[in-house]
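In: Here is a sequence with its predicted model. Questions after.
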Amino acid sequence: MDIRLAGSIATRRAPADAFTGTVWHDPIIEAPAPARVRAARVSFEPGARTAWRAHPLGQTLHIVSGVGRIQAWGGPVREMRPGDTVWIPPGEKHWHGASPSIGMIHLAMQEGLDGSHVTWHVTWHVTWMERVTDEQYNAATEA
C-alpha cells in the first residue's frame, strides 16, 4: 500500500509544446506495473487547450468545474460542464480544453500500454499531434 498525503506531489505546469495557454497538472496516480492506471487533475485557464492527440487505450475525462470544449477529428466542437464524463476511444484523434472565457478543471484517466508509462511530461500515454488552430478552437459549439 502506498498512501500519498495531500500536497506531497507538486503541481506541474504542462509543457508548452503540447498545450496552448496555461495548463496545470496535479498527478493523482501512476500505478506501478502490472497495473496500468494513470490519473491526474488538470486545470486549464480560459482559452487553454491540448494539441491534437490520441491515446492507445483511450481516455476518460470527468469535468469537475468550469466550462470546457472537446472535439474529435472531423466532428463538431462540443461543450463540457461540471458532472459530465467523456469517454474517448483508443486511437481517436481529439483535443480538449477550457472555453474562451471560463477555465475548466477535469480528472483525466487513462492506461499505459506496453511500458508506455513514461512520466506524464514526456508522453503521458498519448501520441501528440499538431496544435489546434484558433479557427478550430473558436468554431461554434454543440451541446
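Out: Nice, thanks for sending it over.
In: Strands of this structure, start to end?
Out: Assigned by DSSP state E, the chain shows strands spanning 12-13, 19-20, 23-30, 37-44, 49-50, 53-54, 59-66, 68-72, 77-80, 85-88, 94-98, 104-111, 127-128, 141-142.
In: which residues are contacting the last one?
Out: The contact list for strand 141-142 (Cβ atoms under 8 Å, 6 or more residues apart in numbering) reads 69, 76, 77, 78, 79. (Each C-beta comes from the backbone N, C-alpha and C, glycine too.)
In: I'd say the first one and residue 94 touch.
Out: Pointing back at residue 69 there. No. Assessed by Cβ atoms under 8 Å, residue 69 is found out of contact with residue 94, at 10.9 Å.
In: Nearest residue to the middle of the chain?
Out: With distances taken as Cα atoms, centre = their mean, residue 108 lies nearest the centre of the chain, 5.5 Å away.
In: Am I right that it is in contact with residue 58?
Out: No. In this structure, residue 108 is not within contact of residue 58 by Cβ under 8 Å, at 11.4 Å.
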